[in-house]
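fold the following for me, if possible:
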Amino acid sequence: MLEWLQIEGLPHEPLFESLLTLHLQVFTDQSREEAVADMTYHAQRGPLLTLLAMDSGVVVGYKMGYERKPAQFYSWLGCVSPDYRGRGIAAELMTRQHDWCRQCGYQTIRTQTMNRWRTMLLLNIRHGFDIIGTLQGHRGLIIVLEKRLV
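Next up, the predicted model:
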């Protein structure tokens, strides 16, 4: 049975280490130091929402985001362990994030992904996101998506 946690900010140890382990397993092109620095930076800038899916105390999925500008939330990072994919975990994390955003008065959610993360791209589209543009990133083309909540 999965457990769902909602944390404002970064989780404390040992959950942070479990989240980081999962993150580095999925995002293999990022070093541990880069991941910790990015997460810490966004946690210190302002409210950061972290949603966790856990199995027996181990993070098997997560979703992070923060306020990008007034009334707009940025759904920043997230992934599900390869061993747990296909069980609706990413969709549940997204639904929980969007519910929280509505309760907090956000009007839009923006996110970005890449073509190589097709499953995430399709999940976003199925959950009401529109592709609003692309950017050239240092790791390839970035697809920008947005969803209106109101």
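
chain center to the strand ranked longest in the chain, what's the gap?
Scanning the chain for the longest strand, with DSSP state E as the assignment, gives strand 58-69. Put simply, strand 58-69 sits 4 Å off its chain's centre (CA atoms, centre = their mean, to the nearest Å).

quick one: average pLDDT of that strand?
Taken as a whole, strand 58-69 carries a mean pLDDT of 96.

report the buried residues of that strand.
Val58, Val59, Val60, Gly61, Tyr62, Lys63, Met64, Gly65, Tyr66, Glu67, Arg68 (16 or more other CB atoms under 10 Å). C-betas here are computed from N, CA, C, even on glycine.

and it, what does it pack against?
Counting contacts by 3 or more CB pairs under 8 Å, 6 or more residues apart in numbering; DSSP states H and E, strand 58-69 packs against helix 15-26, helix 32-45, strand 48-55, strand 72-80, helix 89-103.

so which elements touch the longest one?
Judged by 3+ CB pairs under 8 Å, 6+ apart, helix 89-103 is in contact with strand 3-8, strand 48-55, strand 58-69, strand 72-80, strand 108-114, helix 118-126.

recalculate using a threshold of 6 Å.
strand 48-55, strand 58-69, strand 72-80 (3 or more CB pairs under 6 Å, 6 or more residues apart in numbering; DSSP states H and E).

go on, the first one?
Contact analysis of helix 15-26 by 3+ CB pairs under 6 Å, 6+ apart lists strand 58-69 as its packing neighbours.

what about dumping the CA coordinates of the strand it packs on to CSV?
Output of strand 58-69 as CSV, limited to C-alpha atoms (Å, rounded to 0.1, in the frame of the first residue of the first chain):
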residue,chain,number,x,y,z
VAL,A,58,11.2,4.4,0.4
VAL,A,59,10.3,7.2,-2.1
VAL,A,60,9.0,5.6,-5.3
GLY,A,61,7.7,8.8,-6.9
TYR,A,62,7.9,12.5,-6.3
LYS,A,63,6.7,15.8,-7.7
MET,A,64,8.2,19.2,-6.8
GLY,A,65,7.1,22.7,-7.8
TYR,A,66,7.1,26.3,-6.7
GLU,A,67,5.5,29.7,-7.3
ARG,A,68,6.9,31.0,-10.6
LYS,A,69,5.2,34.4,-10.4
